[in-house]
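Student: the following comprises the amino acid sequence and a computationally predicted model.
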Amino acid sequence: MKYAKYFLHLAAFLLALTILVLPLPAQAQSAATINANFENKDLSGQDKSGQDFSYLVFSNVNLQSANLSNAKFIGADITKVDFTNANLHGANFSDAFINVCNFKGADLTDAVFEYAFISKSKFNGADITGADFEKAILVRGSNFGL
């Protein structure tokens with residue numbers, strides 16, 4: 001028992017050292033490096049096709065009519081984002097948290113939402129042809145009406 005406290009401190013030290021020494025995963029590293037979270041931004045109509053937004057935070061962002069084809073939003077936290085009439089053809093939202101978003105009239109052809117958590121979001125009139133919602137969690141309040 002007299003060594004228990006010593007081993008506890010040693011374990012905490014080794015854990016802290018491991019966290020400091022080991023490199024971040026590439027996705028987290030790129031997000032941390034550019035520190036590019038998007039909050040209260042108007043990016044409507046912009047061409048962001050093919051961009052990698054994985055693991056970033058989007059909050060209260062206007063992306064109406066933006067070109068986001070083949071963009072990656074893997075693991076992103078997306079809250080109160082307006083994607084109305086945006087081109088999201090082939091976009092990847094796997095593992096993303098999508099809350100109170102508007103995809104009305106968006107082109108979501110071949111978009112991927114695997115394992116995404118989707119809450120209180122509107123997909124009215126969106127083209128979801130070929131979109132993959134396999135194992136996505138659709139919470140009450142999301143609307144796919146025409």
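Tutor: Nice, I can see it.

Student: dump the residue contacts of the closest residue to residue 52 other than its chain neighbours.
Tutor: Nearest residue to residue 52, sequence neighbours excluded (Cβ to Cβ, 6 or more residues apart in numbering): residue 72, at 4.6 Å. Bear in mind the C-beta positions are built from the backbone N, C-alpha and C, glycine included. Listed by Cβ atoms under 8 Å, 6 or more residues apart in numbering, the contact set of residue 72 reads 51-54, 91-92.

Student: helices along this structure, start to end?
Tutor: 4-21, 26-34 (DSSP state H).

Student: any idea of the mean pLDDT in the first one?
Tutor: I take that to be helix 4-21. Helix 4-21 carries an average pLDDT of 48.

Student: can you check stretch 136-146 too?
Tutor: 84.

Student: go through it and flag the buried ones.
Tutor: Neighbour-count burial for stretch 136-146 flags 136, 138, 142 (criterion: 16 or more other Cβ atoms under 10 Å).

Student: residue 128 reaches residue 144, doesn't it?
Tutor: Yes - look at residue 128 against residue 144 with Cβ atoms under 8 Å: they come within range, at 7.5 Å.

Student: now residue 144, nearest residue through space, not along the chain?
Tutor: Spatial nearest neighbour of residue 144, chain neighbours left out: residue 123 (4.6 Å); criterion: Cβ to Cβ, 6+ apart.

Student: is it true that that neighbour touches residue 136?
Tutor: No - Residue 123 is not in contact with residue 136 according to Cβ under 8 Å; the separation is 11.7 Å.

Student: name the residues contacting each of these two.
Tutor: Counting by Cβ under 8 Å, 6+ apart, nothing touches both residue 123 and residue 136.
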